[in-house]
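Engineer: sequence and predicted structure are below.
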Amino acid sequence: SARMPESGCKAVKEGVLEKRSDGLLQLWKKKRCILTEEGLLLVPPKEPPPAEPAAKIKELHFSNMKTVDCVERKGKYVYFTVVMAEGKEIDFRCAQEQGWNAAITLQMVQYKNRQAILAVRSTRQKQQHLAQP
């Protein structure tokens, strides 16, 4: 499977998601998305327009992600919202059969579980350390 040079995480899922723009028009823009065990990477289109500088890859890291709300299913699309810790909401849509919302949710839950286990482990190590004479 493809390895991402940025974060060194392997891609769990790759494909195209449509993201609603923040502007007044709220247009849906296609983004190449790569889901890793650490978060969701939004990759700009390969060829940026000459007037625009090459956009950076945006990472929605699971440590900053609160929930994935499945908003609704309409026609062939499923609409969902990624809610970030700072309260920012990012709207996405994809073809229903692609199941992006479920995949993102699953990876986020697994990430949070791993973090919780690590936290418990480090607390235990500290306690053991303090208990030693």
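Structural biologist: That came in fine, so what should we check first? Because the structure is a prediction, the values reported are computed rather than measured. Residues are numbered from 1 along each chain as shown.

Engineer: now the closest residue to S21 other than its chain neighbours: how far from N101?
Structural biologist: Once flanking residues are discounted, S21 sits nearest to L27: 5.0 Å by CB to CB, 6 or more residues apart in numbering. Where C-beta positions appear, they are placed from N, C-alpha and C, glycine not excepted. L27 sits 21 Å away from N101, going by CB to CB, to the nearest Å.

Engineer: compare the two (neighbour count), which wins?
Structural biologist: Using other CB atoms under 10 Å, the more surrounded residue of L27 and N101 is N101, with 22 against 10.

Engineer: how much space between that one and A11?
Structural biologist: On the measure of CB to CB, N101 and A11 end up 17 Å apart.

Engineer: same question, S21
Structural biologist: Distance, S21 to A11, using CB to CB: 25 Å.

Engineer: more neighbours: which of those two?
Structural biologist: Higher neighbour count among S21 and A11: A11, with 16 against 11, using other CB under 10 Å.

Engineer: which is the next helix or strand following the host helix or strand of the more buried one?
Structural biologist: Under the criterion of DSSP states H and E, A11 resides in strand 11-20. Proceeding N to C from strand 11-20, the next assigned helix or strand is strand 28-36, under DSSP H and E.

Engineer: what residues does that next one touch?
Structural biologist: Applying CB atoms under 8 Å, 6 or more residues apart in numbering, the contact partners of strand 28-36 are 2, 4, 7, 9-21, 40-45, 93, 100, 103-104, 107.

Engineer: tell me which residues touch the spatially most central residue of the chain, please.
Structural biologist: In the chain, the centroid-proximal residue (CA atoms, centre = their mean) is L40; its distance is 2.7 Å. L40 sits next to C33, I34, E59, L60, V82, I104 when contact means CB under 8 Å, 6+ apart.
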